[in-house]
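Novice: below: sequence and its predicted model.
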Amino acid sequence: NKTVRKAIVFVNPSVGDSQKLDINALIREEIDFWSETFKTAMIRPELHFEDDIPQIFGNAIALQQILGHLVKNAVSAMEKGGVLNITTNKGSSQFHKNRSMVIIKVKDTGSGIKPEHNEKILHPFFTTKTGRTGLGLSISHRIVEQHGGFLTCDSEPGKGTTFSIELPLNK
């Protein structure tokens, strides 16, 4: 059932069945799902969660879909292994300073994104990988926006990429 629900969200992402969520628990669950892949790819996940983050209101399947896309991209970027650092904290939005947000950062030590691709990576069907659709990040971006948040990327070729997800504490 969970796989089918994820497929439906993938095709038609929506905030739909929103509920109060513990974002740290949601991330732990998604990271556990990837544990065998991490071992095979020689990737060490490091989780740094702020303990007192209030629950957020959102669709658990949709938010795990975002995390899955970001982890998949990070694994792909770290062909020789590396570190996947995921942090959570409560803070102010970088776009709306007076708005309280949960901030999730997914940082890899991979190859990074070429500067000329930075503006295109959230566009549908843009990919630099053979056999990929180029939909993962654009769907993730859409889901984050539907949750009232922001998805941004900071990357340096050869040093890695950090995706930041800002989700509102009070929608």
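Specialist: Here it is on my side, so go on.

Novice: quick one: low-confidence ranges for this structure?
Specialist: 1-16, 123-134, 170-171 (pLDDT under 70).

Novice: by residue count, which helix of it is the longest?
Specialist: Taking DSSP state H as the criterion, the chain has its longest helix at helix 60-77.

Novice: if we look at the helix or strand just after that helix, which residues are touching it?
Specialist: Where DSSP states H and E defines the elements, the next helix or strand beyond helix 60-77 is strand 82-92. Residues outside strand 82-92 that contact it (C-beta atoms under 8 Å, 6 or more residues apart in numbering) are 23-24, 27, 31, 38, 42-50, 52-54, 71, 74-75, 78, 98-110, 160, 169. Bear in mind the C-beta positions are built from the backbone N, C-alpha and C, glycine included.

Novice: can you pull the buried residues of the helix or strand that comes right after strand 82-92?
Specialist: As assigned by DSSP H and E, the chain's next helix or strand after strand 82-92 is strand 100-108. Across strand 100-108, burial judged by 16 or more other C-beta atoms under 10 Å covers Met101, Val102, Ile103, Ile104, Lys105, Val106, Lys107, Asp108.

Novice: Asp154 sits in which helix or strand?
Specialist: Going by DSSP H and E, Asp154 is part of strand 150-156.

Novice: perfect, that will be all.
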